[in-house]
Structures are given as structure tokens and as C-alpha cells.
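**Student:** Test case, fold it:
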Amino acid sequence: MARIKDIAQICKSKNAGPFNVTVDVLFEDHEVYRAVKATGVLTPALFSTLYGVDEADILFTPYDAAAAFKVTFPRAVPAGDFGDTDVYGCQQHAPLLDVDIPL
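**Tutor:** Residues are numbered from 1 along each chain as shown. Below you'll find the predicted structure:
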């Protein structure tokens with residue numbers, strides 16, 4: 001098993017407007033990317049579980065040419081609204097870092 005934080009070159013999040021957040025997972029090695037993709041672990045269902053978002057509201061896109069996954073989903077609290085603890089959305093990738101990938 002390998003954790004995303006140990007095998008991805010970049011794992012980051014950012015706002016995609018005030019109501020959505022985007023998570024990017026990029027791999028330096030295309031072989032590792034293909035192996036991760038083949039496991040089927042990174043899916044809309046995983047993000048639904050990690051972030052408590054309806055699976056139908058998740059835009060999940062693997063980019064083979066870039067060896068990357070891009071995932072966009074609604075923020076729990078709009079950016080800058082009362083109760084928002086991450087105005088820029090830059091800490092939202094944290095739950096993904098410890099996801100185990102069976103490599």
C-alpha cells in the first residue's frame with residue numbers, strides 16, 4: 001500500500017469560484033499514474049465519502065496526457081461566508097493525503 005502523499009508529485013486544492021473547490025493530484029511518473037488509475041481507488045465515490053458531498057455533484061476527470069486527476073465539488077461553506085475556515089480552499093486536499101492505494 002502507498003499513500004497519495006507518498007506517491008503523488010503534487011496534491012493541492014483551491015477555490016473554483018466561491019461555491020466550489022478543485023483538488024488536483026499530479027504524478028511525475030506516468031507508470032505510477034497508470035497504476036493508481038488502474039486500482040480504481042480514486043473515484044467520485046471516494047470523494048463523496050471524504051467530503052460528504054453527493055456523488056452526483058462531483059466532477060471527476062482523469063487526464064492521461066498530464067498524469068493527473070482533477071476533481072471539483074461544492075464547498076461545504078461558500079468562501080468567505082460565516083463559518084468558513086479556509087477562504088482560499090487551499091487546505092481541502094488534506095483528507096486525500098492519507099488515502100491508501102494498493103500498488
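
**Student:** mind checking the SS state of the spatially most central residue of the chain?
**Tutor:** In the chain, the centroid-proximal residue (CA atoms, centre = their mean) is residue 23; its distance is 3.8 Å. Assigned with DSSP: H, G, I helix; E, B strand; the rest coil, residue 23 falls in the strand class.

**Student:** Could you measure from it over to residue 44?
**Tutor:** From residue 23 over to residue 44 the distance is 12 Å, taken as CB to CB, to the nearest Å. Quick note: C-beta positions are derived from backbone N, CA and C, even for glycine.

**Student:** okay, and the common contacts of the two?
**Tutor:** Residues touching both residue 23 and residue 44 by CB atoms under 8 Å, 6 or more residues apart in numbering: residue 71.

**Student:** quick one, phi/psi of residue 31?
**Tutor:** According to degrees, to the nearest 10, the main-chain angles of residue 31 amount to phi -60, psi -40.

**Student:** Find me the pLDDT at it, would you?
**Tutor:** In this model, residue 31 is scored at 97, pLDDT.

**Student:** Show me the helices in the chain, by range?
**Tutor:** According to DSSP state H, the chain carries its helices in the segments 4-7, 30-39, 44-51, 94-97.
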